[in-house]
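1. Show me how the following folds:
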Amino acid sequence: MTNSRRRDLLFAAGALFIAPSAARTQPATKIYRIGFLAPRSRSTPSHPEVFYDAFVQGMRELGYVEGKNLTIEWRFADGNYERLPALAADLVNTNVEVIVAPATPPNLALQRATSTIPIVFISVGDPIKMGLVASLARPGSNITGLSNTTTDLGAKEIELLKILIPALSHAAVLTNPGNPALPPLLKNVQIAAQQLGVAILPVQARNPEDVERGFVTMRREHAQAVIVLADPFLIGQRSQTAQLAVKNRLPSMFQTREEVLAGGLMSYGANLSDIFRRGAVYVDKILKGAKPSELPVEQPTELELVVNLKTATALGLAIPKSILFRANKVIQWWAGQWTLLAVHGRPGLPSFQSMRACRLRLHPYIRTLVRPCGRCP
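-> Take a look at the predicted model:
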C-alpha cells in the first residue's frame with residue numbers, strides 16, 4: 001500500500017469519529033415559548049380571527065414560526081370575561097417567556113396572576129388609568145405594549161353622526177359592562193353628545209342574546225343612530241351588530257375598519273390589525289433581552305375614517321361630501337363587486353387616482369377627486 005493511499009484511509013477513518021462529534025457540537029435551534037390570552041375564540045379557516053392572525057404574521061415576519069422555532073400557548077375566553085382569571089393563572093404555570101394579551105380585561109387578569117413574567121398588551125385604551133403602567137415613557141413593571149388611544153374618539157364620532165343626520169337628537173351606545181375600560185369611553189361620548197344636543201341611550205350587552213335585545217330597546221326608545229364601543233366581544237359580534245343596525249334602519253358608528261367590512265356604516269379609529277402586527281415587535285425585543293419596564297408604550301400615530309357606501313345604500317342615506325372628503329377608505333362598487341378603496345392614494349390599498357377605468361362608476365363626489373383616464377367625459 002502506498003504512503004498516499006495509507007494517508008487517505010487514515011483520514012477517512014478519522015472523519016468517521018470527528019463527524020459525529022462535530023454534529024453533537026452544533027447548537028440546537030432554540031424554541032421560544034410565549035403565551036397568548038385571547039378574550040375571543042380561536043381563529044379557524046371558516047371563522048378567521050383577523051387580529052390574532054395579524055399578530056402571528058408579525059411574528060413570522062420577524063423570523064418566529066410556529067412549529068419551527070416558536071410555540072404559542074393559546075388560551076381563549078370565547079367572549080366570556082369571567083373565564084379570564086382562571087385562564088391567566090393556567091397560562092402563568094406553563095413556563096412561557098412572554099405573555100401577549102389584547103384589550104384591558106385579559107391584562108388585568110394577568111396583572112393579578114404574575115408580577116414577573118413579561119406581559120405585552122395590545123390595544124389597551126388607557127393603560128395608565130387602568131393601572132397597568134406607571135407612565136407611557138417608563139411603564140415601570142413587567143407590563144408594556146401598545147395603546148389604542150380611544151378615549152377621545154367620542155367627540156369625533158358624535159360630530160360625524162351629526163353631520164350625517166343633522167336632526168340627530170337621540171343616539172344609542174352599545175357597551176359591554178364586563179369591560180372596565182368602557183365606562184370612561186361612554187362618559188366621553190355623553191359629554192360630547194350633550195354639547196351637540198344629542199341624548200345618549202346606553203345599551204349593555206355581554207352575549208349575543210343581549211345584543212339582540214339591545215336593538216329592540218334602541219327601536220323602542222327611538223334611537224336614530226348607534227355607536228358601538230371598542231370591546232373584544234362586541235368586535236367579535238361585528239356581523240351581528242352590523243346586520244341588526246341595517247335591519248333596524250340605524251346608521252352605525254364603530255371604531256375599527258373590520259366592523260365596517262362586516263357591514264357597519266362608518267368607523268373612526270386606529271388600524272387595529274396593524275397594532276396587533278406591531279405587538280410582535282415588542283415580543284421580539286423582550287425575547288432578545290429588553291426589560292418591559294424600560295420599553296415605552298407605543299401609541300397610534302394615525303386614525304382612519306372608513307365609510308361603507310354599500311350600507312349607506314341599504315339605509316337609503318346620502319353620505320355628505322364633507323364626510324367623504326375626510327374618509328381614508330371607502331367601500332365602493334368597483335369592477336362588479338364592493339371593494340375597500342383608498343380615497344386619497346394612501347399606501348396599502350388601490351387608490352382611486354390609480355384606477356384607469358370610467359369615473360362614472362364611482363360615487364358622484366369621489367369622482368371629482370379622480371383625474372380622468374382619457375376615456376371618461
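2. Looking at strand pairing, list the partners for Ala342.
-> Note on Ala342: beta-bridge partners by DSSP bridges are Lys329, Ser351.
3. how close does it get to Asn328?
-> The gap separating Ala342 from Asn328 is 7 Å, by Cβ to Cβ, to the nearest Å. Just so you know, the C-beta spots here come from the backbone N, C-alpha and C atoms, and that holds for glycine as well.
4. other SSEs contacting the host helix or strand of Gly154?
-> In this assignment (DSSP states H and E), Gly154 forms part of helix 153-164. Packing partners of helix 153-164 (3 or more Cβ pairs under 8 Å, 6 or more residues apart in numbering; DSSP states H and E): helix 182-195, strand 226-228, strand 252-254, strand 266-269, helix 321-326.
5. Need the winner for burial among those.
-> strand 252-254 (a mean of 29; mean count of other Cβ atoms under 10 Å).
6. Report the distance from that strand to the chain centre.
-> The chain centroid and the centroid of strand 252-254 are separated by 16 Å under Cα atoms, centre = their mean, to the nearest Å.
7. quick one on the thing from earlier: other residues contacting the helix holding Gly154?
-> With Cβ atoms under 8 Å, 6 or more residues apart in numbering as the test, helix 153-164 has contacts from 168, 171, 185, 188-193, 196, 198, 225, 227, 251, 253, 255, 266, 268-269, 303, 305, 317, 319-320, 322-323.
8. Just want the angle from it to helix 182-195.
-> For helix 153-164 against helix 182-195, the angle by axes from the mean of the first three to the mean of the last three Cα atoms, to 10 degrees is 40 degrees.
9. Return the set of buried residues in helix 153-164.
-> The neighbour-count check on helix 153-164 (16 or more other Cβ atoms under 10 Å) flags 153-154, 156-158, 160-162, 164 as buried.
10. Tell me the backbone dihedrals of the closest residue to Ala38 other than its chain neighbours, please.
-> Among residues not flanking Ala38 along the chain, Phe76 sits closest, at 4.9 Å (Cβ to Cβ, 6 or more residues apart in numbering). Main-chain torsions, Phe76, degrees, to the nearest 10: phi -120, psi 130.
11. try Ser135
-> phi -160, psi 160.
12. Surely it and Ile128 touch.
-> Yes - at 6.7 Å, Ser135 counts as touching Ile128 under the criterion of Cβ atoms under 8 Å.
13. Now that Asp53 has come up, it's in contact with Ser43, right?
-> Yes - with contact defined as Cβ under 8 Å, Asp53 counts as touching Ser43 (5.4 Å).
14. The spatially closest residue to Val65 that is not a sequence neighbour: neighbouring residues, count only.
-> Spatial nearest neighbour of Val65, excluding adjacent residues (Cβ to Cβ, 6+ apart): Met59 at 7.7 Å. Counted with other Cβ atoms under 10 Å, residues neighbouring Met59 total 22.
15. Show me which positions of the helix or strand encompassing Met59 end up buried.
-> Element membership for Met59 (DSSP H and E) is helix 50-61. Neighbour-count burial for helix 50-61, counted by 16+ other Cβ under 10 Å, picks out 50-52, 54-56, 58-59.
16. And for stretch 297-306?
-> For stretch 297-306, by 16+ other Cβ under 10 Å, it's 297-298, 300, 303-306.
17. quick check, nearest of those to Asn148?
-> Distance ranking of these against Asn148, using Cβ to Cβ, places Pro300 first at 6.9 Å.
18. just checking, the closest one touches Ala270?
-> Yes - with contact defined as Cβ under 8 Å, Pro300 and Ala270 form a contacting pair (3.7 Å).
19. Identify the contacts common to those two.
-> With contacts defined as Cβ under 8 Å, 6+ apart, the residues shared by Pro300 and Ala270 are 148-149.
20. residues in contact with the residue nearest the centre of the chain?
-> The centroid of the chain falls nearest to Leu272 when counting by Cα atoms, centre = their mean (2.8 Å). Going by Cβ under 8 Å, 6+ apart, Leu272 touches 51, 123, 148, 235, 256-258.
21. For Val307, list the residues it contacts.
-> Val307 sits in contact with 260, 265-266, 319, 323-324, 327, 329-331, where contact means Cβ under 8 Å, 6+ apart.
22. Apart from its neighbours in sequence, what residue is nearest Gly263?
-> Ala242 (3.3 Å).
23. I'd like to know how far the one you found sits from Met266.
-> Ala242 is 11 Å from Met266, by Cβ to Cβ.
24. Which positions in stretch 271-289 come out as buried?
-> 271-287.
25. Check stretch 222-235 too.
-> Residues 223-235 are the ones in stretch 222-235 that count as buried (16+ other Cβ under 10 Å).
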